[in-house]
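Peer 1: Quick one, structure for this:
(2 chains)
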2 protein chains.
Amino acid sequence: MTSIDTQASPDKEMLNWGRLIMDGVPYADLAAARDRDVSVSWYDYWMDTAAQYEQAAQSAADTGHRHSAGELFVTASLCAQYAQFLWFGEDRTAGQRRKVELYAKAAPYLDPPAERFNLPIDDATIPGYLRVPKGEGPWPCAVLIGGLESTKEESYRFEELLLARGVATATFDGPGQGEMLVSTPARGDFERYTSRVVDFLVNDSRLDPNRLAVLGRSAGGHYALRSASLDRRFTACVSWGGYVNFENWEGRGPLAKESWRYVSKSADMDEARVFVEKCLDARSVLKELRVPTYFQQGGLDFVPVSQVDVLKQYAVNADLTIVVEPEGDHCCHNLGPRPRLEMVDWVADQLHSAISRE
Amino acid sequence: MTSIDTQASPDKEMLNWGRLIMDGVPYADLAAARDRDVSVSWYDYWMDTAAQYEQAAQSAADTGHRHSAGELFVTASLCAQYAQFLWFGEDRTAGQRRKVELYAKAAPYLDPPAERFNLPIDDATIPGYLRVPKGEGPWPCAVLIGGLESTKEESYRFEELLLARGVATATFDGPGQGEMLVSTPARGDFERYTSRVVDFLVNDSRLDPNRLAVLGRSAGGHYALRSASLDRRFTACVSWGGYVNFENWEGRGPLAKESWRYVSKSADMDEARVFVEKCLDARSVLKELRVPTYFQQGGLDFVPVSQVDVLKQYAVNADLTIVVEPEGDHCCHNLGPRPRLEMVDWVADQLHSAISRE
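Peer 2: Predicted coordinates for the structure are as follows:
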């Protein structure tokens, strides 16, 4: 493990209860994590909890209770995710592996099921999941992009909101994320990977190739802006707690900084900082953004709200819907369900009306 | 307002985060309630939050976003519920009225919708909601009964679990509960009211009259045992954190005791205690319980776990499934989703296999 601030620990720095609960971690487990014996590490607590959910899920599956099996395997996967999300040694690798394994177990039990895809690109593979509503399509589809330490497995509850509104979902790990990290560190051309996913989606007859949106969360909100600017097949874009260019490195916590170093495979923090500030900058491509774009910011976020002005300055050809929640933290996780509902309704509106815009 | 322990307040005595969150109150609002300015009362905080959700819900409804309208109106209703649930003066009445009003607004937007029914009985009316899965029936149905201060409006999330498993839901206010309290205080013959609801359900051609379950929570778990014992039309019964007879009056908090006095319209606490101990006693009818029965208890509940032995002693003709969670509090709200999932899977299994048992 590299040297980082020894006072920093995941539960102290980034125990964002709002985020974890909105993503589906049970409150009961967060409370038990908070109250756990001091001898039990954050990592061990959550990995053990994941194992307990896995056992309950397997029991449900074995007795034909597929709804509960899906819900419990997803919960197990989320526990493994949040066990490791700010750990950087052996634990990280083991926790990631468990998260992936547990979500794969959930996938066939979800309703609709999550269909695994593996897309070759260069010498690597993009892993992802596609979920298509029941009934007759073709369906519009939202491509979901995670952030710094969120991956394709954390968007289950958000997917449910889109699916209920008749929107299919495709979520994947790009450079520096989840399963892709081993082969491919974070890069400045994330949009190449998004486009590879779109190549796949437009060949699925259940989906409508003329009604695709891209939606990214946190750093994924930056990737989404790049992807929608440079791939004309998208008809709408959402940046959820994202940014045009990376600012306020100093304002990030020590584990978030270490996480950027880790996913970019930088030798040290200076190199990591140069990477994020130089490579995570969409200003030069934003004039190509020509689709309706929803940009959500929290007034209390460490991402400076001045990014709204940067967006307005450079995305001169896009119809922008700017939502700044004065009391919102990063991604407005602290505000409960309302901001997420407004976002998915906007996406559904864009996609369901897209035909008439053609 | 009657004289009660002035040190008692709803947030101190019964701020059961597990319960509120499992029922659908957003974590964000609980955290904000905890951190609110000392000058703002618990009641005022939640009623104001209810009004904010109502506004967001109405905005969603006005723009054609029916899923969000339903979710947000339900959330508004839950906020009004928990504003007043342990208040006993004018506020209680106003909070109850708002809860009812807000849920009625949610009803048509739910998926499937909640259909209001009003059933005359004696000189009173039983109010309730029926939700029937989409698609071709006839569907099995679970009759849901609330407890001391829970009413027909709080079971939305639980209903969702049953509906996903192909089970319709009917929830109502009985004596001493919600809208019925004005006309009808808590009584010892709750089963009469349940049976009136069953009279209604068996005449709905979308439902299968041979596949009805009754499921009650907390005090409703007692009412469910009575109802299943005395109405032969039920094919399964669940007592969720309930009891055969009321024990451990001393172990109840001051607001819970006051709540029993309030719903039984007793003149004082002594009269309330006599009521619960004398009238909430199903021992004499349990020999008539002849259907599979699920009895869930928490080892840390104020309801004595010895009630399991009482049940076994008296329900000699029923196939009992006893689930005692050693770490569970009242209704096991502190254990997250697993106990609820196991319960609804059991109900669905009983109802879906009921035909073959005929």
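
Peer 1: buried stuff in stretch A:304-321?
Peer 2: Buried residues in stretch A:304-321, counted by 16 or more other CB atoms under 10 Å in any protein chain shown: A:Gln307, A:Val308, A:Val310, A:Leu311, A:Tyr314, A:Ala315, A:Ala318, A:Thr321. Placement of C-beta: from N, CA and C, glycine included.

Peer 1: Just the ones in strands from these, please.
Peer 2: A:Thr321 (DSSP state E).

Peer 1: among the buried residues of stretch A:304-321, which are in helices?
Peer 2: Using DSSP state H, the subset of those located in helices is A:Gln307, A:Val308, A:Val310, A:Leu311, A:Tyr314.

Peer 1: where does A:Val323 land in three-state SS?
Peer 2: Assigned with DSSP: H, G, I helix; E, B strand; the rest coil, A:Val323 falls in the strand class.

Peer 1: and it, how many residues sit next to it?
Peer 2: The tally of other residues near A:Val323 (other CB atoms under 10 Å in any protein chain shown) stands at 17.

Peer 1: just checking, what's the longest helix in chain A?
Peer 2: Using DSSP H, we find that the single longest helix of chain A is helix A:42-62.

Peer 1: hmm, back to that, in CSV: the ones in helices among the buried residues of stretch A:304-321, plus distance to A:Gly70 and pLDDT.
Peer 2: Converted to CSV, those look like this (distance: CB to CB, whole Å; pLDDT from 0 to 100):
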residue, distance to A:Gly70, pLDDT
A:Gln307, 37, 98
A:Val308, 38, 98
A:Val310, 41, 98
A:Leu311, 38, 98
A:Tyr314, 42, 98
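
Peer 1: Please tell me how far A:Val347 sits from chain B.
Peer 2: 11 Å (CB to the nearest CB, to the nearest Å).

Peer 1: contacting residues for that residue?
Peer 2: For A:Val347, the contacting residues are A:Ala142, A:Leu162, A:Arg165, A:Val167, A:Ala213, A:Leu215, A:Ala236, A:Val238, A:Tyr294, by CB atoms under 8 Å, 6 or more residues apart in numbering or on different chains.

Peer 1: Quick one: the strands in chain A, in order.
Peer 2: A:115-121, A:124-131, A:139-145, A:168-172, A:207-217, A:236-240, A:293-298, A:320-325.

Peer 1: Among those strands, which comes closest to A:Lys99?
Peer 2: Closest to A:Lys99 of those, according to CB to CB: strand A:124-131, at 12.2 Å.

Peer 1: Tell me what angle the closest one forms with strand A:207-217.
Peer 2: For strand A:124-131 against strand A:207-217, the angle by axes from the mean of the first three to the mean of the last three CA atoms, to 10 degrees is 110 degrees.

Peer 1: Make CSV out of the strands of chain A and add distance to A:Ala224.
Peer 2: Formatted as CSV, the strands of chain A follow (distance: least, CB to CB, whole Å):
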stretch, distance to A:Ala224
strand A:115-121, 18
strand A:124-131, 15
strand A:139-145, 6
strand A:168-172, 12
strand A:207-217, 3
strand A:236-240, 5
strand A:293-298, 9
strand A:320-325, 14
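
Peer 1: Dump the ones you listed into JSON lines; add distance to chain B as well.
Peer 2: Formatted as JSON lines, these follow (distance: least, CB to the nearest CB, whole Å):
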{"stretch": "strand A:115-121", "distance to chain B": "20"}
{"stretch": "strand A:124-131", "distance to chain B": "16"}
{"stretch": "strand A:139-145", "distance to chain B": "15"}
{"stretch": "strand A:168-172", "distance to chain B": "15"}
{"stretch": "strand A:207-217", "distance to chain B": "16"}
{"stretch": "strand A:236-240", "distance to chain B": "16"}
{"stretch": "strand A:293-298", "distance to chain B": "12"}
{"stretch": "strand A:320-325", "distance to chain B": "11"}
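
Peer 1: Serialize these to a markdown table and add fields for mean pLDDT and distance to A:Ser229.
Peer 2: Listed next are those as a markdown table, based on pLDDT from 0 to 100; distance: least, CB to CB, whole Å:
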| stretch | mean pLDDT | distance to A:Ser229 |
| --- | --- | --- |
| strand A:115-121 | 98 | 20 |
| strand A:124-131 | 98 | 20 |
| strand A:139-145 | 98 | 14 |
| strand A:168-172 | 98 | 19 |
| strand A:207-217 | 98 | 10 |
| strand A:236-240 | 98 | 8 |
| strand A:293-298 | 98 | 9 |
| strand A:320-325 | 98 | 13 |
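
Peer 1: one step back: out of the buried residues of stretch A:304-321, who's nearest chain B?
Peer 2: Of all these, A:Thr321 has the smallest distance to chain B: 13.1 Å, by CB to the nearest CB.

Peer 1: And the helices in the stretch 51-200 of chain A, which stretches?
Peer 2: A:66-84, A:90-106, A:156-164, A:190-201 (DSSP state H, counting those that start in this stretch).

Peer 1: Residues contacting the second one, please?
Peer 2: It stands for helix A:90-106. By CB under 8 Å, 6+ apart, helix A:90-106 touches A:43, A:47, A:50, A:54, A:57, A:69-70, A:73-74, A:76-78, A:80-81, A:83-85, A:87, A:114, A:116, A:129, A:151-153, A:156, A:178-179, A:181, A:262.

Peer 1: thinking again about what came up before, of all pairs in the ones in helices among the buried residues of stretch A:304-321, which one spans the longest distance?
Peer 2: A:Val308 and A:Tyr314 (11.5 Å).

Peer 1: show me the contacts for the residue in the stretch 201-350 of chain A that chain B sits nearest to.
Peer 2: Here the stretch 201-350 of chain A gets closest to chain B at one residue, A:Gly336, 3.5 Å apart by CB to the nearest CB. Residues in contact with A:Gly336, defined by CB under 8 Å, 6+ apart, are A:Gly18, A:Met22, B:Pro26, B:Tyr27, B:Ala28, B:Asp29.

Peer 1: Distance to B:Val276 added to the buried residues of stretch A:304-321, as a markdown table?
Peer 2: Listed next are the buried residues of stretch A:304-321 as a markdown table, based on distance: CB to CB, whole Å:
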| residue | distance to B:Val276 |
| --- | --- |
| A:Gln307 | 59 |
| A:Val308 | 58 |
| A:Val310 | 64 |
| A:Leu311 | 62 |
| A:Tyr314 | 68 |
| A:Ala315 | 65 |
| A:Ala318 | 64 |
| A:Thr321 | 56 |
